[in-house]
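Peer 1: I would like the atomic coordinates for the input below:
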Amino acid sequence: MKTIGLLGGMSWESSLEYYRILNETVKARLGGFHSADCLMYSVDFDEVEALQHQDKWDELTEMMIDAAQRIEAGGAEILVICTNTMHKMAPEMQAAIQIPLLHIADAAGEAIKAQGLQTVGLLGTKFTMEGDFYRKRLSERFGLNVLIPEEADRERVHNTIYGELVKGVINPESRRAFQDIIKKLEAKGAQGVILGCTEIPLLVKQADVAIPVFDTSRIHAEAAVDWALT
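Peer 2: Numbers count the residues shown, from 1 in each chain. Purely as a prediction, here's the structure:
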């Protein structure tokens, strides 16, 4: 088994899910007392959140490169960033390390194509929904048409993530709002929806939605196990 390096803390609520999924998946596949061979470097999300909303992405890139290099130095053989938004600087991070970076959008794209879908909705932070680093990758590498919510709905999703989910707050009213937003995307042609923030699966499950849901936390973690056991 190869060693998986996890870059977490953004937020720790979802990083906890990564650790759980990694170990449950390894146990399910290998049986016995097996668990994941992994290590994690977890950052202080307060500093990350502040820099994100101050639009200081250069400083964040330096921080993420430093974290990636620490993980590599610790003995990891692959890098898994336990958040969607911070893949914004994935190219710079990959250029600064020798081990491969397992991109979350690639894992999601593979899962979507495996179901034969062409058009999907994307929920995430405003940085993920409105930027091109995520949608463009899905379009160019997997030929997907990616829809995002209207502006007011993007604001609601973003504020729920930062105001509730990263703090571990699960609000049934927010779940209903997300369900309504997903229905609007479905009406626009979305055949499935990407939960493109690793906290959203804490709130929205497949049972809550009529169309296929792509839980990026689980998809990413399971792809890491696939790699580690190959």
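Peer 1: and the longest helix for this structure?
Peer 2: Ranked by number of residues, the top helix in the chain under DSSP state H is helix 12-30.
Peer 1: Identify each buried residue in that helix, please.
Peer 2: 12-15, 17-19, 21-26 (16 or more other CB atoms under 10 Å). The way it works is simple: take the backbone N, C-alpha and C, and place the C-beta from them, glycine included.
Peer 1: Repeat that for stretch 107-120.
Peer 2: Buried, per 16+ other CB under 10 Å, within stretch 107-120: A107, A108, G109, A111, I112, L117, T119, V120.
Peer 1: With pLDDT as added columns, please give the buried residues of helix 12-30 in JSON lines.
Peer 2: JSON lines is the format used below for these (pLDDT from 0 to 100):
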{"residue": "W12", "pLDDT": "94"}
{"residue": "E13", "pLDDT": "92"}
{"residue": "S14", "pLDDT": "92"}
{"residue": "S15", "pLDDT": "95"}
{"residue": "E17", "pLDDT": "95"}
{"residue": "Y18", "pLDDT": "97"}
{"residue": "Y19", "pLDDT": "97"}
{"residue": "I21", "pLDDT": "97"}
{"residue": "L22", "pLDDT": "98"}
{"residue": "N23", "pLDDT": "98"}
{"residue": "E24", "pLDDT": "98"}
{"residue": "T25", "pLDDT": "98"}
{"residue": "V26", "pLDDT": "98"}
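Peer 1: Check the offset of the longest helix of the chain from the chain's centre.
Peer 2: 14 Å (CA atoms, centre = their mean, to the nearest Å).
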